[in-house]
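# Sequence and predicted model, in that order:
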Amino acid sequence: MAKKQEQASIRKFGWRKLLDDKFAVVLFCSVFLVYGNSIFNDYAMDDEFYTAGSNKLTKQGIKAIPEIFSTRTFYNNDGTGHSYRPVAAASFAIEIQFFGENPHVSHFISVLLYAITVLVLYYVLLRLLNYRERLYPFVVCLLFLLHPLHTEVVANIKCRDELLALLFGLSSLLLALKYLETKRIVHLFGIGVFFWLAPLAKSSALPFFALIPFALWYFKKCSWKKLMTVMVPVVVAMLAAGLIVKLAITDQVRVLHYFENPTAKGIGIASKTATAFYCMGRYLYLHFVPHPLAYFYGFNYVPVATWSNLWSIFGLLTTISGIVVVLWRMMHREPYVFGIALYLAALLPYSNLIFPAPGVMAERFAYLASIGFCIAATALLLGPLMKKASVLGWASPEFKSRKTILLVVCALFALKTFSRNFAWENKETLYRGDMETLSESAKANMLLGSLLSAQGAQAKFESNGLMQQGQTGEAQIKNDEYLRLFTEARMYYHKATSISPEYYTAWSNLGTTYYFTGLYADGLPFFKQALRINPNYVEAYFNLGMSYEQLGKLDSSEYYFRHGIRADSLYSNNYEQLARLIFDRDSSRYQEAVNLLVVATAKNKKSESAWNSLAKIHLQAGDTVMAVAATEQAVLINSDNLQRLYNLALYFQQHGDPAKAAHYNNLLQQKQRVQQQQNQKEKRNGRR
C-alpha cells in the first residue's frame, strides 16, 4: 500500500504541463528576470575559443561537425591542443549555420539552457525526494538559479560547455528515475544518449558516473539488480565517448604555468595541501557570501598558502566535518547529507589536492557542487518544519518566518547576479571592472595589457588610414590614442612581471609595447628576458628578429629568425619573415627564400599564410606562373578571401584559360552570396 502511495505521489508531481505547475513557471521566468540583461552583452573573455569569428571550424557551420569531432577543440599559438569538447563546439556550429555569429543570440541560448537546466533539476528533485508538497525542490532550485556564483557560467558564452554538461548529466539522472517508474526501454536508451553527450560537452560531467547510482541507492533504496540495469547504458555511453576521444585525438596534456596554478610546479606537499584547503575554504565562503566575484582566481589572487593561513585551516576543518557527517548519517538517507556528499564529491577534484586546476579556482568549477550546497542549505532552512507539518506549502503558517529569511537571501542573490551580469558586457568592462579585486593577479594584469595593446594596434591602423585619406587632424587624434593605449598596456605588463617574474609571455608582450611605439632598442631586453626564462619561446625570437630589422641590424635579425625556426619548426611567421628579409637583402638568394617557404607550407598544411608569402616572393621575382600556383594553394585552404578569388579569375581570363576563370568566378559569386546572406542575417538579428 505504501509503495502504491509513493508511486501515486511521484506521478502527481512528475512531468505535468508546465503552465499547470506554478513553481515551475516561477523558476523558468525567474531565470530570464535575473539573467535577461546578459542577453544584450557582447563577446567577453575566451568567447573566441568557440565563436566571435576566431574558431575556424564553428564559423563554417554544420558542414564542419565531422571535423569538430575528429580534432581538439582548443589550440595554443604553438599548435598544441589541450581540450576535447566536440558537443559544445558542434552546438556553436549549428547556431552559426542558422543565425550567424551574433553574441546576443549566443547569450540568449545560454540563458535558455540555464532555464531548462533549472527545470530538469526541479523535476529530478521531485522524484528523488518524494515529498507530497513541492516546496523543498522549489526552494533548492530558486537558490540555485539565483546564486551569483553562476554568473560566469551563464554570462560567459564560452561556458556553454558547462551548461550542456550539467544539463545532459541531470537529464540522464531524470531518465534513470523515469525508468524506475515505467520500466520502459526508451528511457534506458535516453540515459545512454544523454550520458554520451555530457562528457563530450565537457569532462566536468564525469561525476555523474557515480552520482546516478548513488542518488538512486540513497533515495530510492534500489536493489543491485535495478542499479546494474540502469548503469548498463551509462557504462556503454562512457565507453563509447572514451573510444571517440581515443580515436579522434592524440594524447596532449595542457601545461599549466606558474601564474595559472603554482601547485603544478612542485611547491612542496605542505604548501600544496594548504593551498588546496585554502581553495575549499574560499569556495564555501563564496557559496554563503558571493562577494567579491572575479573572472580569474589564479596566482597571486589565490596565494601559495601555508598552514598558518586561516582560510586553509577553515577549509580543512569544514571539509573533514562534512566527510564525518556524511559517513555518520549516510544510512539515515537525509537530504542534507546527500547535499553535503554531492558538494564535496563535486568540488574536491577542483581543490588542487590531487590534480592542478586551471586558474587554481573558478566559479564555473562550483557549478555542480552548488546543487549540493543548495540542497543542504534548504534542509537547514526547512528541515525542522518538514518534520512538524504534514504538508508544507508556500502559504503554510509554519513557513512564514522562514519565508522572510528566504526572500531576503533571494533578493540579495538576485541583485548581485543582475549587477554582475553587467561586468560581463565585454572584455574591457570585465577586465577593468575586476582589476581592483585582481590587482595582484599576474594573469589579470596580462589580460588587460593584451586588450589595451590590441586596441592600440587598431588605433594605429585607423590613424594610418586616415593619414592616407588626408585627414591629418583625425589621424593625429587616433595616433595620440594609440600611444596612450600602449603606454597604459606597458604599465599592466610591468605589474604582471613583478607579480610573476617567470611569466615569459608578459615579458615579451612588454617588449612589444616599445616596438609598436617605435622604441625598438628599448624593447630588446624584455624579449631577451623572455628567452632566458623559456629558451624555446618562439614569439620572442620573432619579436627580436623584427626589432633588429627595424634597427638596421639585418644580420642579427636573420640570426633570431633562424633560431626561432630551430626552437619551433611549426611557427610559420619566422619562415615568412626570414624569407622576405633574405630576398629583400639580396634578390639572388631567391631560391633560398623559396625553399624556406616551401618548408613552411609542408610544416603548416592547414595554414594559408605561408602560401601567400610564397606567392609574393614569386611575384616580386617576376615568376607570375608560380605566384598564381601558390595563390591557388592558398585558396584550397581558405576560399573566403574575395579579392584573391577575383584576382585568380581575372588572371585566367586574361591568359586564355576560360575553365579556370569560370571556376574562380563561380566560387567568387558563391562566396559573395554567402557573405550577403550573413550580413542580412546579422542585420536582422541586430534589429531584434
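That came through fine. Please read these numbers as outputs of a predicted model, since none were measured by experiment.

# from here on, contacts and neighbour counts on C-alpha atoms
Fine.

# how about the nearest residue to the residue nearest the centre of the chain, chain neighbours excluded?
Residue closest to the average C-alpha location in the chain (C-alpha atoms, centre = their mean): K158, at 4.0 Å. In this structure, K158 finds its nearest non-sequential neighbour in D47, 4.7 Å apart by C-alpha to C-alpha, 6 or more residues apart in numbering.

# I figured that neighbour hits D161, correct?
No: shown here, D47 and D161 do not form a contact pair, counting by C-alpha atoms under 8 Å, at 11.4 Å.

# More neighbours: these two, which one.
Just comparing D47 and D161: by other C-alpha atoms under 10 Å the higher neighbour count belongs to D161, 27 against 20.

# in which helix or strand would I find that one?
D161 belongs to helix 160-182 when assigned by DSSP states H and E.

# I'd like to know which elements that helix is packed against.
Here helix 160-182 touches helix 86-99, helix 103-129, helix 151-155, helix 185-201, helix 208-220, helix 224-248, going by 3 or more C-alpha pairs under 8 Å, 6 or more residues apart in numbering; DSSP states H and E.

# Between these, which one is closest to K460.
Evaluated with C-alpha to C-alpha, the helices and strands packed on helix 160-182 place helix 103-129 nearest to K460, the distance being 26.4 Å.

# the inter-axis angle of that closest one versus helix 86-99?
Helix 103-129 runs at 130 degrees relative to helix 86-99, counting by axes from the mean of the first three to the mean of the last three C-alpha atoms, to 10 degrees.

# Next secondary structure after helix 103-129?
helix 135-146.

# If we go by neighbour counts, what in that following helix is buried?
When neighbours are counted by 16 or more other C-alpha atoms under 10 Å, the buried residues of helix 135-146 are found to be 135-146.

# For that helix, enumerate the helices and strands it packs against.
By 3+ C-alpha pairs under 8 Å, 6+ apart, helix 135-146 packs against helix 22-35, helix 103-129, helix 369-388, helix 400-423.

# Return the angle between stretch directions for that helix and helix 400-423.
Compare the direction of helix 135-146 with that of helix 400-423 by the same axes, to 10 degrees and you get 20 degrees.

# Let me see the mean pLDDT of helix 135-146.
Here helix 135-146 scores 95 as its mean pLDDT.

# How about stretch 187-200?
Stretch 187-200 shows a mean pLDDT of 97.

# May I ask which helix or strand encompasses the residue nearest to L284 when sequence neighbours are not counted?
Nearest residue to L284 in three dimensions, chain neighbours excluded: G315, at 7.9 Å (C-alpha to C-alpha, 6+ apart). Assessed by DSSP H and E, G315 sits inside helix 310-329.

# packing partners for the helix or strand just after that helix?
The helix or strand immediately downstream of helix 310-329 is helix 335-347, counting by DSSP H and E. Where contact means 3+ C-alpha pairs under 8 Å, 6+ apart, helix 335-347 is packed against helix 310-329, helix 369-388.

# how far off helix 335-347 does the helix holding G315 point, in degrees?
Going by the same axes, to 10 degrees, helix 310-329 makes 130 degrees with helix 335-347.

# Helix 310-329: which residues count as buried?
The neighbour-count criterion (16+ other C-alpha under 10 Å) identifies 311-316, 319, 322-323, 326 as the buried residues of helix 310-329.
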